[in-house]
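1. Got a predicted structure here, sequence first:
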Amino acid sequence: MFYEPRKKNHGLPKNPFNSLVIPRPIGWISSIDKHGVHNLAPYSFFNAVSYSPPTVMFSSGVGIADDKTKDSARNVEASGEFVCNLSTWDTREQMNKSSATLPPETDEIALTGLTPIDSMLISVPRIAEAPVNLECKYLKTVEIPGWNEGDVYKVLFGEVIGIHINDDFITDEGLIDITKMKPIGRLGYNDYARVDVDSSFTLVRPP
């Protein structure tokens, strides 16, 4: 089949685009607003974009607040900080619960029963149950215009200035045991993937 996204002429019951760029890692972003309220939300339009300095990005769509900005984007732009927490099989239910559309004054960390703990370099808390936390300093926002008036996507970039790794997932050889962490990724629709010992494989790059 062939279709043009702007024409929405795919003829399928749901837009297939979200199920074509897969699997997408989930940036489980914790932030804090000007009143000190914690926010936690998963973003599957997320990835690492550079190595030196290590930099990540997440893309935030239109929110329900008067300024049409989602809480994460508003908080990050105002505070200049955020944490990306690794979402895993063990925290899948909490991750999903934190994706709910809620008023800005809602503390999603408390709502999900997760444990906020202090970061080392920034004021935003990280999630204790996540095996990896990336402390990030906000760099910039790039706005992607939508098709409809007022429909703007914000892509926020942050430099990773501090990294926490649970020692239980570091092997005797000094490598990260990804299959033990069991991270999850988004496949589109309501579907996800899990990285484990059965789904992981190795390919040695040619010289």
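-> Now that the structure is in, tell me what you want to look at.

2. How about the residue nearest the centre of the chain: which residues does it bridge to?
-> Most central in the chain under Cα atoms, centre = their mean is residue 27, positioned 1.3 Å from the mean C-alpha point. Counting by DSSP bridges, residue 27 forms beta bridges with residue 43, residue 86.

3. Distance check, residue 55 against residue 23.
-> Taking Cβ to Cβ, to the nearest Å as the criterion, residue 55 is separated from residue 23 by 21 Å. Using the backbone N, CA and C atoms, a C-beta is placed for each residue, glycine as well.

4. what do you get for residue 91?
-> Applying Cβ to Cβ, one obtains 17 Å for the distance of residue 91 from residue 23.

5. who has more neighbours, these two?
-> More crowded of residue 91 and residue 23, by other Cβ atoms under 10 Å: residue 91, with 23 against 17.

6. per-residue confidence for the spatially closest residue to the more buried one that is not a sequence neighbour?
-> Distances taken as Cβ to Cβ, 6 or more residues apart in numbering place residue 129 nearest to residue 91, at 5.4 Å, with adjacent residues excluded. The score at residue 129 is 98. That number is its pLDDT.

7. helix or strand for residue 129, which one?
-> In this assignment (DSSP states H and E), residue 129 forms part of neither any helix nor any strand.

8. any idea how far it is from residue 169?
-> 13 Å.

9. tell me the SS of residue 6?
-> Three states are possible here, and by DSSP: H, G, I helix; E, B strand; the rest coil the one that applies to residue 6 is helix.

10. what residue ranges in this structure are flagged as low confidence?
-> Within the chain, the ranges that satisfy pLDDT under 70 run 64-66.

11. one more time with 90
-> 61-69, 103-104, 145-152 (pLDDT under 90).

12. Show me the strands in this structure, by range?
-> In the chain, the strands defined using DSSP state E lie at 24-25, 27-32, 38-43, 46-51, 54-60, 81-86, 116-117, 126-127, 132-145, 152-165, 184-188, 191-194.

13. by contact count, what packs against the first one?
-> Packing partners of strand 24-25 (3 or more Cβ pairs under 8 Å, 6 or more residues apart in numbering; DSSP states H and E): strand 46-51, strand 184-188.

14. Many thanks, we can stop here.
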